[in-house]
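A.B. asks: no sequence for this one, just the structure:
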């Protein structure tokens, strides 16, 4: 099943039509091709937006479809592309002779200088590290590794050229500097792309790496542009290019205004760099713009801190919420709580492993499948611990502490023996990868989902505690065990299920935490202290206290971190909590009533 | 080469003297084995890295026994578990040397564990091979440092970024303990000697196992938006790397814009990570699994056959153990005995093939010569070498860039026999920054 479609980096997937737009036929074909792309199974691992296709996803049937599509598309645009092919091939052949990165870069520049859109494909392949040459005759190919063999394709047309053993080929190496120059070169080439997003990407690249020579191409592109948002980006890119050109001062002043209006970090970076070398009125204008941008960005930075605090708080809440049941409600000092979180994370790993090998199409659902399983696994282990150990130790907190600590070591070593001591890879589904920008705030999807998830778990738990008869029994047993028992509640049974519930919740927390942390046998240790801190700070026995405690500790931590550093910040938070507990020994939201005194 | 009998006799008398008790009759010597101690954590936080090294030692000993052992005897591994507990390292080392009577010990990962066993090796006069890159500022008679000193890893990496990537602004990010702190001190002094301004260096420390990197990654992003090319030099250790790289990927920091060069991230660490967003970030080591030499291919095949896992990765500290073990074997053969004093004398100058296609030699300062490789992380979790030193680099135990240690040298050959000789005052017993 590793046979797959011809290697087709995203940029070269777009056939390059002759300048001046595309025909109706090509639009139709392109959109059909996209539809196929969308339909043909989702990639098994978080697919980067511009990244490569994971190997082994698509079958031979699709590859036939693709080959057909390419051939037909080539047919549509054949004439202009073929005209230059003869000129391009000798340049591409030079890649094989390039002995170092500088030489390779010279070839890239030469290719880019032709201005032929056809060079997109080999350049994009090179940037991806997919360009090879044959050791015997130095012929250059686009290749995709398939175990010991390599699938070849023509560097210009993308036509398949069979499969040969890997040992016969040498990969043309790329480094960051080379990737940058390819990105810049492609930026110039994709400025006329029919895809608005590609044009925006090209404009963004030009904005970040301004070259005076770009102005001409940008002017032409601006004149042709019909989409407002793209036009704006192009004008910004032009402004940044104007700064490095030798155009007159008033043009540059206007450019500074435009760049200041962008307000992003990249714009700030450009202007700060420019300010250092500028003189006179230009320097003043740049300094003023930098100053005003800095003050706006400072505001954004505090908003960012609040968001980071909420996100850290949601992680703390998730980790602590199970403990709020076992420790907060039942009063069991459960040192094995972190290991329940770890078990949940390992359940996710096992689920993803099975999905990867047997049902790759379901990968984006892996977390949803893992959730109930993690709850059951951790819950069952919790039940066993309660029935096997803790029920003999009620009312003896010190012994419970030691016993559960022992259990935690046993669980850790058991997991280490079964899964090995190294980290296990848990992938992020596509909907949990990447980030989006809100103004200058960059919000990562995984953190956002974890925040939403932690709140959902919290309210679900609150509902169970307050609105179901099981929750009522739980609270009754906590409030007065003997009274509850004489009312006919089977207290041992309620104890066991409550402990299982707390452990199960810790298990589903593990599913979420597997997305942002290591899945290793030590996973739980990192959270146990924080969890106790949150529960004690929020008020033992009070779910709302846990919520408020988690978020206030998160935000406090994140506001201290930029000033005090991560190490000192953590210590300061701990000191503040100790002082707070001195003042209010029962935490933020103290339970009142006889049960507490007893 | 002497006859087996005299070799045996010499070994017996030597070990009897060294151990301080007479060994039994020659008849017993028939079943006698040479014991090799393996002192790596198999539980606790460091198990993640050290378990592989324990397996490596078992593998090397098995291979050596297949070749007929050493001095006509079989080798026998004595494995103990110091459980990532630093004082326990000293106890277990004592147990290995005094109770199990091992001839040499291969072990330790963290600097603090090495520091905790040093007095034991000195007191009981045994030999330790330490396979991990470390901060330098040390040279001890009983220890052989087969990992990289700062000048065999950190400084070439910074040179690469400065010359090839044109980096002008530096973030030195590390975990809060001795290795990153010392390395960053050396790097800071080095960068300042190269004319980098103080405000262009940002130093940041985080606790062990730090998992919330949002603020720090944003800080790095902000630090990088000052119109100068910026890079991150990461001495972040162990587990904290995974969430760090995840956050970098999620916040869209590309290697083309702000490259990160890491000194503690190897193939093992990347195995627990989806590496697609990390392509292009850098690591500096003396060995990569991807190195294309026949020696390396043979080693990987044998290692995978030994572990019965055809996906098992190899890494730099493993290569250090391979080199260290082979050097010890050669030195024992040369001396004709496993007596520590004889081995300490005979190992200097011993040269064995490394896995990158060259030879590594033991220098008089108990450090070895190594090539330095800079690799870029690939989508399959491997490193692709993008740059390497033209020749071998000699490990420099006392950094030339720190005012406290620039006059110190180590030379364990007679007549100097000193690990901290001050060339300015001409006296033995200088102190570095530790």
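C.D. replies: Received, thanks. If you're wondering where the values come from, they're calculated on a predicted model, not measured in any experiment. Numbering: from 1, shown residues only, chains lettered A, B, ... in the order given.
A.B. asks: Figure out the helix or strand that residue A:232 lives in.
C.D. replies: helix A:228-244 (DSSP states H and E).
A.B. asks: mind listing what residue 191 touches?
C.D. replies: Chain wasn't specified; assuming chain A. Residue A:191 sits next to A:199, A:202-203, A:206, A:217-218, A:221 when contact means Cβ atoms under 8 Å, 6 or more residues apart in numbering or on different chains. C-beta: built from backbone N, CA, C; applies to glycine.
A.B. asks: try chain B instead
C.D. replies: Neighbouring residues of residue B:191 by Cβ under 8 Å, 6+ apart: B:158, B:170, B:201.
A.B. asks: Now for the last one, how many residues are close by?
C.D. replies: Neighbourhood size, residue B:201 [other Cβ atoms under 10 Å in any protein chain shown]: 18.
A.B. asks: per-residue confidence at the closest residue to it other than its chain neighbours?
C.D. replies: With sequence-adjacent residues excluded and distances taken as Cβ to Cβ, 6 or more residues apart in numbering or on different chains, residue B:201 is closest to residue B:170, at 4.9 Å. Residue B:170 is assigned 96 on the pLDDT scale.
A.B. asks: Just the element for residue B:170, please.
C.D. replies: Per DSSP H and E: strand B:169-175 holds residue B:170.
A.B. asks: How about that strand, which residues are buried there?
C.D. replies: Neighbour counts using 16 or more other Cβ atoms under 10 Å in any protein chain shown place B:169-175 of strand B:169-175 among the buried residues.
A.B. asks: Contacts only, for residue A:312.
C.D. replies: Applying Cβ under 8 Å, 6+ apart to residue A:312 gives the contacts A:554-555, A:557-558, B:212, B:214.
A.B. asks: How many residues are close by residue 270?
C.D. replies: If you meant another chain, say so; for now it's chain A. There are 26 residues near residue A:270, going by other Cβ under 10 Å.
A.B. asks: that answer is for a different chain, and I need it for chain B
C.D. replies: When neighbours are counted by other Cβ under 10 Å, residue B:270 registers 26.
A.B. asks: Repeat that for the one 10 residues further on.
C.D. replies: Neighbour count of residue B:280, defined by other Cβ under 10 Å: 23.
A.B. asks: ok, now which ones touch the residue nearest to it when sequence neighbours are not counted?
C.D. replies: Of all residues not flanking residue B:280 in the chain, residue B:255 sits nearest, at 2.9 Å (Cβ to Cβ, 6+ apart). Counting by Cβ under 8 Å, 6+ apart, residue B:255 touches A:176, A:179, B:278-282, B:376.
A.B. asks: Look up phi and psi at the residue positioned nearest the centre of chain B.
C.D. replies: Note on chain B: the residue nearest the mean C-alpha position is residue B:132, at 1.8 Å, using Cα atoms, centre = their mean. Here is the backbone geometry of residue B:132 (degrees, to the nearest 10): phi -110, psi 150.
A.B. asks: show me the contacts for the residue lying closest to it once chain neighbours are set aside.
C.D. replies: Of all residues not flanking residue B:132 in the chain, residue B:147 sits nearest, at 4.4 Å (Cβ to Cβ, 6+ apart). Residues near residue B:147 by Cβ under 8 Å, 6+ apart: B:130-134, B:316-317, B:320.
A.B. asks: JSON lines for the residues you listed, including pLDDT?
C.D. replies: Output for those, formatted as JSON lines (pLDDT from 0 to 100):
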{"residue": "B:130", "pLDDT": "96"}
{"residue": "B:131", "pLDDT": "96"}
{"residue": "B:132", "pLDDT": "93"}
{"residue": "B:133", "pLDDT": "92"}
{"residue": "B:134", "pLDDT": "92"}
{"residue": "B:316", "pLDDT": "94"}
{"residue": "B:317", "pLDDT": "94"}
{"residue": "B:320", "pLDDT": "96"}
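A.B. asks: so which of those residues would you say is closest to chain A?
C.D. replies: The shortest approach to chain A among these belongs to residue B:317, at 13.6 Å (Cβ to the nearest Cβ).
A.B. asks: what's the neighbour count on the residue nearest to residue B:173 when sequence neighbours are not counted?
C.D. replies: If the residues on either side of it in the chain are set aside, residue B:173 comes closest to residue B:204, at 4.7 Å by Cβ to Cβ, 6+ apart. Using other Cβ under 10 Å, the number of residues around residue B:204 comes to 20.
A.B. asks: ok, residue B:204 to residue B:218 distance?
C.D. replies: Distance of residue B:204 to residue B:218, computed by Cβ to Cβ, to the nearest Å: 12 Å.
A.B. asks: helix/strand/coil for residue B:205?
C.D. replies: The three-state label for residue B:205, taken from DSSP: H, G, I helix; E, B strand; the rest coil, comes out as strand.
A.B. asks: Just confirm it contacts residue B:176, I think it does.
C.D. replies: Yes: counting by Cβ atoms under 8 Å, residue B:205 does reach residue B:176; the two are 4.2 Å apart.
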